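*Asks:* below are the sequence and a predicted model for it; my questions follow.
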Amino acid sequence: MPRHFTPRHYTPRHYTPRHYTPRHYTPRHYTPRRHTETKTGITTGCPWQSNGGVSGTSPRWRKILGTSMISSAMVKCLVHLLDGESFETQVRKGTTGKELFNAVKDKLGLKEEGDYFSISYIEPRSQLRRWLDMEKRIDRQMEGSQAQAHEFSFELKFYPPVPENLSEDIARYFIVLQIRKDLRTGSLPASFYTLAMLGSYTVQSELGDYDRKEHQGIEYLRPFTFVPKSTEELLSRIADLHQSHRGMTPEEADIHFLQNAKRMAMYGMELHEVKDDKGKSVSLSISASGLYLYEGYLRMDKFKWHRMLQISYIREHFVIKVGPAVNKGSKKRLTFQLPTRKEAKQLLKLAVEQHQFFRCIQSTTG
């Protein structure tokens, strides 16, 4: 199989269609390789997260990403971070996405749990967000002249179902920053009470305890952007809840923030616009637990990984073969149309990555 080949068909688990018996999902037998330190770098348990033997201190790393080595074969990369800062570096034309990703992780101090994150960019023609392929060369994925700086964003790609249980404080903090960004941009809808509660934990984490002298009315909340358009009522409610968090440390406030955020219906959901077999516009979303079908923000159906026999794309169509529920119905084939064949292929790739990543996490921790 070619190195960068994306299959048209993907089977989430082993099954024999002719003799199919409905059963609960059992992850494939998988013995993860533990993280081992080598002379050339770190080898991770998940093959798609391996860094190819590159470490931040190796001569090869310095040769590829060293800022002192400027030549015509070097390309500028500007990565926007979740804390508002930017990371700029010079990379060789043959640098892969994984090598740039490792450079960002080293700068931020992220270790194993940094693999929940990835690097994205905006495709110029479609203006859609794409995830940088870790195994391919950066210059072959980006459009534009070599003289231009390639712009990227460091973002959360795999939303953990229980984010507060992550062991690395810095990883939890960047997940908090990602959710704040999702709320701020309106990509994560929430109820009034949830917005107020999350906003109060944000203020407690950033400003500390409520002080009657310094925190008058709601004016002290004006510098914060909680949602695209904050109302007086929302800011007033956030200020009231902030007063109740006295004595809570920033770390504790972030934990409470994550515990409330993970319960939101659209947590970790990125909607992809498609059309069903009747030509009706709907949205598909991919998460750690499976695929979800939405009409607007209303969930219409869900397909857990253990129910799916196969997912594939045929031209511009994304196809899901779903097995029957226990003692109910029969197998069915669902087809969704995307604007182009490339979009269908990208959706399949995202689904495969989500399923494989969390299967690997379960195998490693379980």
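*Replies:* Yep, that arrived.
*Asks:* tell me which element residue 260 falls in.
*Replies:* Using DSSP states H and E, residue 260 sits within helix 250-261.
*Asks:* residues making contact with that helix?
*Replies:* 163-164, 169, 172-173, 175-176, 179, 194, 197-198, 201-202, 204-206, 208, 245, 248, 267 (C-beta atoms under 8 Å, 6 or more residues apart in numbering). The way it works is simple: take the backbone N, C-alpha and C, and place the C-beta from them, glycine included.
*Asks:* and for whichever helix or strand comes after that helix, what's in contact with it?
*Replies:* Counting by DSSP H and E, the next helix or strand C-terminal to helix 250-261 is strand 271-275. With C-beta under 8 Å, 6+ apart as the contact definition, strand 271-275 has outside contacts at 281-286, 294, 318, 336-338, 343, 347.
*Asks:* report the buried residues of strand 271-275.
*Replies:* Under the neighbour-count criterion of 16 or more other C-beta atoms under 10 Å, strand 271-275 has 271, 272, 274, 275 buried.
*Asks:* and of the residues you listed, the nearest to residue 73?
*Replies:* residue 272 (36.7 Å; C-beta to C-beta).
*Asks:* what distance do you get for the closest one to residue 335?
*Replies:* Counting by C-beta to C-beta, to the nearest Å, the separation of residue 272 from residue 335 is 15 Å.
*Asks:* C-alpha coordinates for the helix holding residue 260, CSV please?
*Replies:* Coordinates of each C-alpha in helix 250-261 appear next as CSV, following Å, rounded to 0.1, in the frame of the first residue of the first chain:
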residue,chain,number,x,y,z
PRO,A,250,-7.0,28.9,39.1
GLU,A,251,-6.3,25.2,38.7
GLU,A,252,-9.5,24.3,40.5
ALA,A,253,-11.5,26.8,38.4
ASP,A,254,-10.1,25.2,35.2
ILE,A,255,-11.1,21.7,36.5
HIS,A,256,-14.7,22.9,37.2
PHE,A,257,-14.7,24.6,33.8
LEU,A,258,-13.9,21.4,32.0
GLN,A,259,-16.3,19.3,34.1
ASN,A,260,-19.2,21.6,32.9
ALA,A,261,-18.0,22.0,29.4
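*Asks:* stretch 90-106: end-to-end distance?
*Replies:* This stretch, stretch 90-106, spans 15 Å end to end (C-alpha to C-alpha, to the nearest Å).
*Asks:* chain center to it: distance?
*Replies:* 19 Å (C-alpha atoms, centre = their mean, to the nearest Å).
*Asks:* try stretch 179-189
*Replies:* Relative to its chain's centre, stretch 179-189 lies at 13 Å (C-alpha atoms, centre = their mean).
*Asks:* now do it: everything it contacts.
*Replies:* With C-beta under 8 Å, 6+ apart, stretch 179-189 has contacts from 82, 190, 195, 198, 202, 225-228, 257-258, 261, 264, 266-267, 270, 297.
*Asks:* mind doing that once more with 10 Å?
*Replies:* 82, 84, 153, 155-156, 159, 163, 178, 190, 194-195, 198-199, 202, 205, 224-230, 257-258, 260-262, 264-271, 296-297 (C-beta atoms under 10 Å, 6 or more residues apart in numbering).
*Asks:* ditto for stretch 230-245
*Replies:* Residues contacting stretch 230-245 (C-beta under 10 Å, 6+ apart): 184, 192-193, 195-205, 207-212, 215-222, 224, 226-227, 248, 252-253, 256.
*Asks:* quick one: contacts for the nearest residue to residue 108 once chain neighbours are set aside?
*Replies:* In space, residue 108 comes closest to residue 170 once its chain neighbours are excluded; the distance is 6.7 Å by C-beta to C-beta, 6 or more residues apart in numbering. Residue 170 makes contact with 108, 109, 110, 111, 113, 114, according to C-beta under 10 Å, 6+ apart.
*Asks:* go again using 8 Å as the cut-off
*Replies:* 108, 109, 110.
*Asks:* now do residue 120
*Replies:* Counting by C-beta under 8 Å, 6+ apart, residue 120 has contacts 129, 130, 131, 132, 152, 153, 155, 157.
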